[in-house]
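Student: Fold the following and give me the result.
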Amino acid sequence: MDQTHTSYTGISIQVSLSGYSFKTLIGGEVHSSGWMGAERLFTTPEFQRRYDNVEISLLTPKVALVPESFYNPGTARTALGEVAALEEGDFVESIQIPSLASVLVFSNSMGEALSRVISQTVLPASGRPARVLPEMYYLLRELEGLTEYNKIVGSWRDGWLHLVIAQGRSLCLANVFRAPDFTTAQYFLFLALKRLQLNPEVSTVAFRTPLDPEAEMSLYRYFKAVVQL
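Tutor: This is a model prediction of the structure:
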């Protein structure tokens with residue numbers, strides 16, 4: 001979604017239990033949808049075309065970041081089970097994060113089918129469905145494009161705060177917190193900053209999920225700037 005030439009088209013879709021949001025890049029212009037319910041899936045005009053690039057993320061809390069040197073495909077399920085509540089039938093996958101010399105182990109099994117339907121509906125030009133990846137993957141990827149020394153990126157929806165914090169090139173935190181409301185999400189955000197001794201007053205916080213005006217203004221009270229990616 002960082003292409004600038006006007007012929008490029010791309011769409012980035014975030015999916016959770018309550019629905020989805022998306023951002024499109026068409027003709028050099030970016031459009032954000034805000035959060036939408038699943039009932040609007042087949043009437044969303046932006047989903048009726050093909051794109052040069054399609055990205056689909058699922059806000060699954062079942063994620064674990066493992067250093068490459070410790071990663072073993074045979075024990076990936078065990079590693080994920082140590083930090084996430086897995087059911088017996090949960091399917092476990094992994095994807096490399098070369099910039100962090102790590103592997104993200106995850107499960108998209110969280111009782112929803114919307115992400116799979118969207119992957120079959122919104123297709124890239126190749127016609128091959130885009131892979132559904134965890135929101136944590138895209139949060140970690142966002143670090144590469146942030147220029148400030150303190151890098152704070154989050155997503156919040158349906159009771160889960162997905163949070164990544166880095167200083168320079170060093171990753172300090174990549175975790176998912178149970179946060180049933182945005183006040184609780186802010187509590188975990190500030191708790192993490194306190195433990196890492198980061199001052200929000202000199203830091204910018206970025207969110208990938210849409211923020212309502214009240215939540216955005218609440219963050220502005222403490223941070224130097226608030227950015228919606």
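Student: Surely L193 is in a helix?
Tutor: Yes - under DSSP: H, G, I helix; E, B strand; the rest coil, L193 sits within a helix.
Student: I figured it hits I165, correct?
Tutor: Yes - taking CB atoms under 8 Å as the definition, L193 is a contact partner of I165 at 7.4 Å. (Each C-beta comes from the backbone N, C-alpha and C, glycine too.)
Student: Which strands border the helix or strand harbouring E93, and is each parallel or antiparallel?
Tutor: In the assignment (DSSP states H and E), E93 maps to strand 92-97. Strand 92-97 has these partner strands in its sheet, going by DSSP bridges: strand 102-107 (antiparallel).
Student: Contacts for the helix or strand of the chain with the lowest mean pLDDT next, please.
Tutor: Ranked by mean pLDDT, DSSP states H and E, the weakest helix or strand in the chain is strand 29-32, scoring a mean of 92. Strand 29-32 is touched from outside by 1, 21-24, 46, 210, 228, with contacts defined as CB atoms under 8 Å, 6 or more residues apart in numbering.
Student: tell me which residues of stretch 146-161 are tucked away?
Tutor: Buried residues in stretch 146-161, counting neighbours by 16 or more other CB atoms under 10 Å, are found at 146, 150-157, 159-161.
Student: And V205, how far from M36?
Tutor: 24 Å (CB to CB, to the nearest Å).
Student: what angle sits between the helix or strand where L173 lies and strand 92-97?
Tutor: Following DSSP H and E, the helix or strand that holds L173 is strand 170-178. Counting by axes from the mean of the first three to the mean of the last three CA atoms, to 10 degrees, strand 170-178 points 150 degrees away from the direction of strand 92-97.
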